[in-house]
Structure formats: C-alpha cells, structure tokens
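Visitor: got a predicted structure plus its sequence, pasted below:
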Amino acid sequence: MIIDELYLKNLVHCISDFPAKGHKFRDLSPLIADPKALQIACDLLVYRYSQTDISCIVTVSDSGLLTGSIIAYRLQKPLVRVRPSSVIPDTAFSATFTNVSGEQTVAIARNALNEQDRVLLFDDAIASGESMLAAAALVRQCNASIHEACTLVDLPDAGGREKLTELDVPFYALLTFED
Ligand SMILES: O=P(O)(O)OC[C@H]1O[C@H](OP(=O)(O)OP(=O)(O)O)[C@H](O)[C@@H]1O
Ligand SMILES: Nc1ncnc2[nH]cnc12
C-alpha cells in the first residue's frame, strides 16, 4: 500500500509558478498517462466504494470526468456530470465560483438526481475546494444526499478540505500533498 502510494505520488509532478507566479501546480497528467498507476488508483477507489450504498457518481470537472467515469463503470453506477452551464441544455441549478482557473459557472441537469440519490462526488484534485463546494451545493439543491467527496489529489494548504468539513461534506483523498 505504501509502495503504491509512493508510485502514484511520484507521477504527480510539481510545476512552480503555474498558472500564476507563486502558485504550485500539481500536474496529474503523468499519473493518468501511466496505465499501471491509473489502474492502482482506480482499483483503490473501486474497493473503497464497492460495499457502500452510493447510487451514483457525480463528477465535478472535465479533469474529474476521466477517472470518475472509470470508477462509475467499474462500480456499475450511473455517472452524472456537473459541467459548465453553457453546455447543459436543461439546467436544474447552477453555481458560480472562482478558483485559480478564474470564474466559472457550473450546472446540473434537470432530473439528473432526486431525493433518493446518495452521491459520491468525485474530482481529480481539490485545492481551494470551490469546484467541489459548488458541486456539493448543486447536489443538495436536488435534495440528494452526499456519501463523500473524493479526490485523487488533495492540496490542503489551499483550504478546500477545511471548507468541506465546515459544510459537513465527508471527505477522502487518495493522495495528499502538503506545501
Ligand atoms: O479546488 P479548486 O480550487 O476548485 O481546484 C480544483 C479544480 O481545479 C481543476 O479544474 P479546472 O478548474 O482546471 O477545470 P477542468 O478540470 O474542467 O479543466 C481540477 O481539475 C479541479 O476540478
Ligand atoms: N492541479 C492543481 N494544482 C494546484 N492548484 C490547483 N488548483 C486547481 N487545480 C490545481
């Protein structure tokens, strides 16, 4: 397990001063590009959620979709996408937030979720937490409940994990990178 964690962590590269001076960007592309690493990461998460009562997986960003869809497929659970509101034709709710990529408005489609749903929120990375918080708010507006917010990479120094805890969103990260 520790060997797996080290293997995965070495494939998340740190890029200084991107996208802005002073920001440390954690690039997950090498992990995604390594089939063995992608398999280890997905296997660990599939194992974690296989015996739970989740009814679906909600992916938070385009980057979260990639791994999230593998996990949904492996668990044979429906996949629901929180996406930019501009590409959702029949929007139920939308939320606007700002993170390092700028201001974004995301939305969830009408009838995507209902009060019986118990959701696993999934994204590839959590930094400020604003993307995940927006998605959690949309899930709750649909009257669905949240089993957990899960990510491949948590950057706790950016404060996201703390904000999720304050809003009673349970949280799990496969890998954590302190500054
Ligand atoms: O916790 P936060 O500060 O919100 O940052 C995390 C989000 O930022 C990145 O997405 P990005 O905004 O680049 O969008 P994309 O994945 O859809 O390209 C990443 O994939 C997470 O979704
Ligand atoms: N991968 C990442 N690394 C650092 N900060 C981020 N903010 C959003 N995504 C990030």
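Guide: Received, thanks. Ligands and ions are numbered 1, 2, ... in the order given.
Visitor: give me the element the residue of the chain most remote from its centre is part of.
Guide: No residue in the chain has its C-alpha farther from the mean C-alpha position than residue 21, which lies at 24.9 Å (Cα atoms, centre = their mean). Element membership of residue 21 [criterion: DSSP states H and E] is none; it lies in no helix or strand.
Visitor: average pLDDT across stretch 95-107?
Guide: Predicted confidence along stretch 95-107 averages 96 (mean pLDDT).
Visitor: and that stretch, how far out from the chain middle?
Guide: Averaging C-alpha positions (Cα atoms, centre = their mean, to the nearest Å) puts stretch 95-107 15 Å from its chain's average.
Visitor: related to what we said a few turns ago, for the residue farthest from the centre of the chain, what are its contacts?
Guide: Taking Cβ atoms under 8 Å, 6 or more residues apart in numbering as the contact definition, residue 21 lies against nothing. Where C-beta positions appear, they are placed from N, C-alpha and C, glycine not excepted.
Visitor: so what pLDDT did it get?
Guide: Reading off the confidence values, residue 21 has pLDDT 93.
Visitor: residue 93 is in what secondary structure piece?
Guide: Secondary-structure element containing residue 93, defined by DSSP H and E: strand 91-99.
Visitor: how about residue 140?
Guide: Under the criterion DSSP H and E, the helix or strand holding residue 140 is helix 130-141.
Visitor: same deal with residue 4?
Guide: Counting by DSSP H and E, the element that carries residue 4 is helix 2-9.
Visitor: what packs against that helix?
Guide: Under the contact definition 3 or more Cβ pairs under 8 Å, 6 or more residues apart in numbering; DSSP states H and E, helix 2-9 sits against helix 35-50, strand 171-176.
Visitor: listing partners with orientation, what would you give for the helix or strand just after that helix?
Guide: Tracing the chain past helix 2-9, the next element assigned as helix or strand by DSSP H and E is strand 13-16. Looking at strand 13-16 with DSSP bridges, its paired strands and their directions are strand 24-27 (antiparallel).
Visitor: give me the contact list for the partner strand.
Guide: Contacts with strand 24-27, where a contact means Cβ under 8 Å, 6+ apart, come from 12, 13, 14, 15, 16, 18, 19, 125, 153, 155, 177, 179.
Visitor: can you tell me the closest non-neighbouring residue to the residue in the chain that ligand 2 sits nearest to?
Guide: Proximity of the chain to ligand 2 (Cβ to the nearest ligand atom) peaks at residue 127, 3.4 Å away. Counting by Cβ to Cβ, 6 or more residues apart in numbering, residue 158 is the residue found nearest to residue 127 once chain neighbours are left out, at 3.9 Å.
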